[in-house]
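Participant: Predicted model follows, preceded by the sequence.
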Amino acid sequence: MAFFSLFTTAFSSVFYGVIVTAVIMAILYVILKTLSQGIVQSLPFYVTGVVLAILLVIQLSLMIGAFQAKESADSAEIYLSQLLEGSYGTVSAQDSQRVLDTITEEFPLIGTYFGVANFSGHDVSELSSSMHETMIGYLNSYIWHRVWWILGMIIVACFMVMLFDKRGPTAKPKAKVRMASRKNYDDF
């Protein structure tokens, strides 16, 4: 059951990562084409595009997986509060690790992001909310790291492609308009 859950989550993360990558690549293509026709007809454009697409799929898949883990963390908080209902006292490091192990058995996606827990000294009644806040904080940080990596890769790729643009902007030179003299009109 846990393997199937992780497999479907991974598959959906990669699927949506590919979809979002295709949209981003299409937008970049349109933007670069409006800047210069020569950019999208160069070999560096295609090489950089392939490398960027692969990197974007990886980063976006990881980011979408983190969003799905946030949903699991919300469910895990409810599960943990029900599990610890009626318990009291302070939590030791071993107890918090056992609780995390129990959560990862029920929600295996959380186990891909969190392996160790140390909430020693917390009150048992606060453990579920403390773990939830820690998980959400870590996942938010993880998501922002992915966002910054994605933006950085896009900027570097666009800079590299524009660096190799040899044809210049797409603006075509204006055609010279010749004024016909009155004499030429009379000839007709």
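Facilitator: Done, it's in.

Participant: Quick check: which element contains the residue positioned nearest the centre of the chain?
Facilitator: Nearest to the geometric centre of the chain sits residue 60, at 3.1 Å (CA atoms, centre = their mean). If you go by DSSP states H and E, residue 60 is part of helix 43-83.

Participant: Show me what that helix is packed against.
Facilitator: Contact analysis of helix 43-83 by 3 or more CB pairs under 8 Å, 6 or more residues apart in numbering; DSSP states H and E lists helix 2-35, helix 93-106, helix 108-113, helix 124-163 as its packing neighbours. Where you see a C-beta, it was placed from the backbone N, CA and C, and this is true even at glycine.

Participant: Disregarding residues adjacent in the polypeptide, which is nearest to the residue nearest to the centre of the chain?
Facilitator: Nearest residue to residue 60, sequence neighbours excluded (CB to CB, 6 or more residues apart in numbering): residue 17, at 3.9 Å.

Participant: Looking at the helices and strands packed on helix 43-83, which one is packed in the most?
Facilitator: Among those, ranked by average contacts under mean count of other CB atoms under 10 Å, first place goes to helix 108-113 (a mean of 19).

Participant: ok so, going back, out of the helices and strands packed on helix 43-83, nearest to residue 46?
Facilitator: Proximity to residue 46, assessed across those by CB to CB, is greatest for helix 124-163 (9.6 Å).

Participant: Just give me how far the closest one sits from the chain centre.
Facilitator: Offset of helix 124-163 from its chain centre (CA atoms, centre = their mean, to the nearest Å): 8 Å.

Participant: low-scoring stretches of the protein, by residue?
Facilitator: 1-3, 166-188 (pLDDT under 70).

Participant: Apply 90 and report the result again.
Facilitator: Counting by pLDDT under 90, the chain shows low-confidence ranges at 1-10, 32-45, 69-135, 138, 161-188.

Participant: circling back to that earlier point, check contacts around the residue nearest to residue 60.
Facilitator: Residue 17 is in contact with 56, 57, 58, 59, 60, 61, 62, 63, 64, counting by CB atoms under 8 Å, 6 or more residues apart in numbering.

Participant: Let me have these in TSV, extended by distance to residue 22.
Facilitator: Below are the contacts of residue 17 laid out as TSV (distance: CB to CB, whole Å):
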residue	distance to residue 22
56	9
57	9
58	14
59	14
60	10
61	13
62	17
63	16
64	14
